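Student: the following comprises the amino acid sequence and a computationally predicted model.
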Amino acid sequence: MGLLFPFSIIRNVQVYARKLMSAPRRLYNANSEHEILRTSLEIVTGSHRMPIVKSYSSQGFSVGSTKIIGPVAVLPKGFFLWKVKHKESITAKSLSLFSIFLPKIDILVIGTGHCIVIPQPEVLKLLKLNGIAVEIQDTPNACATFNFLLEEGRQVAAALIPPMALNSSVDKMPID
């Protein structure tokens with residue numbers, strides 16, 4: 001014989017579970033963000049919202065209604081922190097995660113900060129072998145390109161590093 005629970009208890013458990021899974025939260029102290037790099041996954045499941053990159057700053061990005069500190073990987077249905085410290089650490093290993101997602105990513109837009117940095121040839125070869133086209137731009141243009149391709153309904157992903165060279169009057173620039 002199974003356990004019987006009153007309906008109100010089951011309803012409360014469901015509401016509690018929904019509250020836990022609703023909004024992403026940073027799990028580390030903002031003061032130690034450069035000491036501890038963690039990758040956490042935030043997937044927008046069961047939603048028709050697109051993860052539009054709304055703004056960027058030298059600290060991070062605003063994707064949808066979520067502020068993200070540091071580099072970010074954005075997919076058509078979600079986003080997560082991307083464990084890359086700086087543009088020189090973009091390697092085949094750090095980009096290999098884009099080849100495992102389903103549905104398959106067709107285009108990867110890489111934002112390398114305030115200036116364009118071309119990754120090593122083996123990085124580009126890995127993406128080409130997986131059938132992923134690559135667009136390398138400075139981060140402000142990469143954000144706009146990603147948003148445009150996403151709005152077109154393309155299977156696009158973005159790997160974005162915050163631009164470090166912003167003056168205080170232009171910091172937190174919205175994407176037009």
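Tutor: Nice, thanks for sending it over.

Student: ok, so what distance separates Asp138 from Arg49?
Tutor: Distance of Asp138 to Arg49, given as C-beta to C-beta, to the nearest Å: 27 Å. Where C-beta positions appear, they are placed from N, C-alpha and C, glycine not excepted.

Student: higher neighbour count, the two?
Tutor: In this view Asp138 and Arg49 are compared by other C-beta atoms under 10 Å, and Asp138 has more residues nearby, 16 against 10.

Student: state the pLDDT value of Val84.
Tutor: Val84 carries a pLDDT value of 87.

Student: what sits against it?
Tutor: If a contact means C-beta atoms under 8 Å, 6 or more residues apart in numbering, then Val84 has Pro71, Ile90, Ser94, Ala159, Ile161 as its contacts.

Student: ok, the last one to Thr91 distance?
Tutor: I take that to be Ile161. 13 Å.

Student: quick one: which of the two has more around it?
Tutor: Between Ile161 and Thr91, Ile161 has the larger neighbour count (other C-beta under 10 Å), namely 27 against 14.

Student: show me where the chain has its helices.
Tutor: 7-22, 92-95, 121-129, 139-151 (DSSP state H).

Student: count the neighbours of Pro71 for me.
Tutor: Pro71: 25 neighbours (other C-beta under 10 Å).

Student: how close does the closest residue to it other than its chain neighbours get to Pro162?
Tutor: The spatially closest residue to Pro71, leaving aside those adjacent along the chain, is Trp82, at 4.3 Å (C-beta to C-beta, 6 or more residues apart in numbering). Using C-beta to C-beta, Trp82 is found at 11 Å from Pro162.
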